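> Curious how this folds, go ahead:
(one chain, ligands or ions: 1)
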Amino acid sequence: MTRSRIISPLTADANRPEWVPELEGGTLLEKRRCARDKWDDIRMRLMREPRGHAEMYGAILVQETELTRSGEADIGVLFCHNEGYSPMCGHASIALGRLLVDTHDLSIFPRRNGLVKDLSTGLVTLRLHAPCGIVQLSVPVKPDGHSDPTRPVSFIGVPSFPTERNLVVEIPADKVWPSLKAAGRSAVTLDIVYAGAFYALVSASELGFPAGLRGATTLTELNHATAALKALLSSRTELFVHPTEADLNFLLGIIVREVTAQQRETGICFFAEQQIDRSPCGSGVMARMALGMAQGRLRLGETCEYDSVVSILHGEPGHGFRGTAVEEREEGVIVKVEGRAFYTGASSFVVEEHNALPNGFVVGLPA
Ligand SMILES: O=C(O)[C@H]1NCC[C@@H]1O
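Got it, this is the predicted structure:
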């Protein structure tokens, strides 16, 4: 977040520094708290309209963290979205892998020159310190040293593990959403998995959509159902307890998933304030694989394809992520996720002094 020229100058307000502030805290999680408690207006300015939109996603680089200082990471990152700061993000990590390899600005990435390229594979390894832990990226590079957009970036995330399997959630009568009511049901069976963040994994039919994601459902109906379910689940704090970090004790999202073929799934992840993930959700892929392993549906070394909401809406499967369960540890399953990222532009943002809505606004559809 220090001296990031990508988002500077953020403001023309004389009471705000031109450079983005130094985040206080000895650890990345403390810096995350500082960003949330002290500087959340910066997130709002960038994520919300008119500079962003309800589905905008951001990555704030943190040059110094406890793990960059100990030599375990090359750079830190805080992920942000329409409501706050996610502890993990696979799709942003994939995009950052390319950006960080390509930038030569040492004020953005001071340890950039320490990156090592494996000549036999043409891959650069980059260790990103995310709030959930280390995300190890492998970024393909061309002979000229630039990242190679023709090959996927991959990452290996933190150990992932289910915390609840086949949990039956009774839905109180006044909270039952229309599709569940129409299906004559009052309970939903789901799984909860930690994969750098907590996710609830559920099928469309459990939510009251027997025709599945590609059937008669609309995003608005799915939004209603997942919002109601998330509100109920989030109030059950005992379901979201990380083994060591209390900052990670919350439900980030609900993934509505569907198996479409042998080792191929599609799904939609509603996270934060009902933000819809445009990607198949990198950490969601970790979660789904860890669950598949626990259920005995998947074996170590097996690879699955995960299509995204964009594929569902536009009918072009094959642009999603690919996951492989690469290791089983006592703490959980280690998953490798592969995906593509492309540059689309570069922006500078400004808030003028007399702007009546400096922190922007959201025009959302009611859940
Ligand atoms: O790809 C991911 O892991 C993220 N997408 C939205 C929710 C997660 O942060």
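> What ranges does the chain have for its helices?
Under the criterion DSSP state H, the chain contains helices at 28-38, 40-47, 66-69, 90-102, 178-182, 219-234, 282-295, 309-314.
> Let me know which of these is tucked in deepest.
Burial of the helices of the chain is given as mean neighbour count (mean count of other Cβ atoms under 10 Å); helix 282-295 ranks first at a mean of 27. All C-beta spots, glycine's among them, are computed from the backbone N, C-alpha and C.
> thinking again about what came up before, wait, which of the helices of the chain is closest to residue 169?
Distance to residue 169, taken as Cβ to Cβ, is lowest for helix 219-234 among the helices of the chain, at 6.6 Å.
> wait, does the closest one make contact with the ligand?
No: Helix 219-234 lies out of reach of the ligand by Cβ under 6 Å from any ligand atom, never closer than 13.2 Å.
> how far out from the middle of the chain is that helix?
18 Å (Cα atoms, centre = their mean, to the nearest Å).
> what packs against it?
strand 161-170, helix 178-182, strand 187-194, strand 198-203, strand 251-261, strand 264-271 (3 or more Cβ pairs under 8 Å, 6 or more residues apart in numbering; DSSP states H and E).
> for these, which one sits closest to residue 21?
strand 251-261 (25.6 Å).
> For that closest one, list every residue counted as buried.
For strand 251-261, the buried set under the neighbour-count rule, 16 or more other Cβ atoms under 10 Å, comprises 251, 252, 253, 254, 255, 256, 257, 258, 259, 260.
> Likewise for stretch 202-216?
Judged by neighbour count (16+ other Cβ under 10 Å), stretch 202-216 contains these buried residues: 202, 203, 204, 205, 206, 207, 208, 209, 212, 213.
> Likewise for stretch 141-150?
For stretch 141-150, burial by neighbour count (16+ other Cβ under 10 Å) applies to 141, 147, 148.
> before we move on, the earlier item: for the helices and strands packed on helix 219-234, give me CSV that also has mean pLDDT.
What follows is these, written out as CSV (pLDDT from 0 to 100):
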stretch, mean pLDDT
strand 161-170, 98
helix 178-182, 93
strand 187-194, 98
strand 198-203, 98
strand 251-261, 93
strand 264-271, 93
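> could those be laid out in CSV, adding distance to the ligand?
Below are these laid out as CSV (distance: least, Cβ to the nearest ligand atom, whole Å):
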stretch, distance to the ligand
strand 161-170, 16
helix 178-182, 24
strand 187-194, 12
strand 198-203, 9
strand 251-261, 6
strand 264-271, 4
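> how about the ones you listed, which one is nearest residue 133?
Between the helices and strands packed on helix 219-234, strand 187-194 lies closest to residue 133; by Cβ to Cβ that is 11.4 Å.
> quick one: residue 349 from the ligand, how far?
Residue 349 is 22 Å from the ligand, where distance means Cβ to the nearest ligand atom, to the nearest Å.
> again with residue 206
Residue 206 is 21 Å from the ligand, where distance means Cβ to the nearest ligand atom.
> what's the closest non-adjacent residue to that residue?
Nearest residue to residue 206 in three dimensions, chain neighbours excluded: residue 188, at 5.0 Å (Cβ to Cβ, 6 or more residues apart in numbering).
> Show me which residues of this protein sit near the ligand.
79, 86, 88-91, 253, 269, 271, 277, 279, 281-283.
> out of those, what pair is the most spread apart?
79 and 269 (13.8 Å).
> How about the contacts made by the residue nearest to the spatial centre of the chain?
Of all residues in the chain, the one closest to the mean position by Cα atoms, centre = their mean is residue 89, 3.0 Å from it. Contacts of residue 89 were listed using Cβ atoms under 8 Å, 6 or more residues apart in numbering, and they are 57, 59, 79, 130, 282, 283.
> Break this protein into its domains for me.
Domain assignment for the chain by automatic domain parsing gives 4-152, 161-339.
> Dump the ones you listed to JSON lines, plus distance to residue 361.
Shown next, in JSON lines, are those (distance: least, Cβ to Cβ, whole Å):
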{"stretch": "domain 4-152", "distance to residue 361": "6"}
{"stretch": "domain 161-339", "distance to residue 361": "13"}
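> in the stretch 101-250 of the chain, what residue is nearest the ligand?
residue 197 (6.4 Å; Cβ to the nearest ligand atom).
> residues in contact with residue 267?
By Cβ under 8 Å, 6+ apart, the contact list for residue 267 reads 213, 255, 256, 257, 258, 280, 281, 284, 288, 306, 307, 309.
> so what's it bridging to?
For residue 267, the beta-bridge partners are residue 257 (DSSP bridges).
> what's the spacing between the helix or strand of the chain with the lowest mean pLDDT and its chain's center?
Between all helices and strands in the chain, the lowest mean by mean pLDDT, DSSP states H and E belongs to helix 309-314, at a mean of 79. Helix 309-314 sits 18 Å away from the centroid of its parent chain (Cα atoms, centre = their mean).
> Please name every helix or strand in contact with it.
In terms of contacts (3+ Cβ pairs under 8 Å, 6+ apart), helix 309-314 is packed against strand 264-271.
> cutoff 10 Å now
Counting contacts by 3 or more Cβ pairs under 10 Å, 6 or more residues apart in numbering; DSSP states H and E, helix 309-314 packs against helix 219-234, strand 251-261, strand 264-271.
> Of all these, which one is nearest residue 98?
Closest of the helices and strands packed on helix 309-314 to residue 98 is strand 264-271, at 22.1 Å (criterion: Cβ to Cβ).
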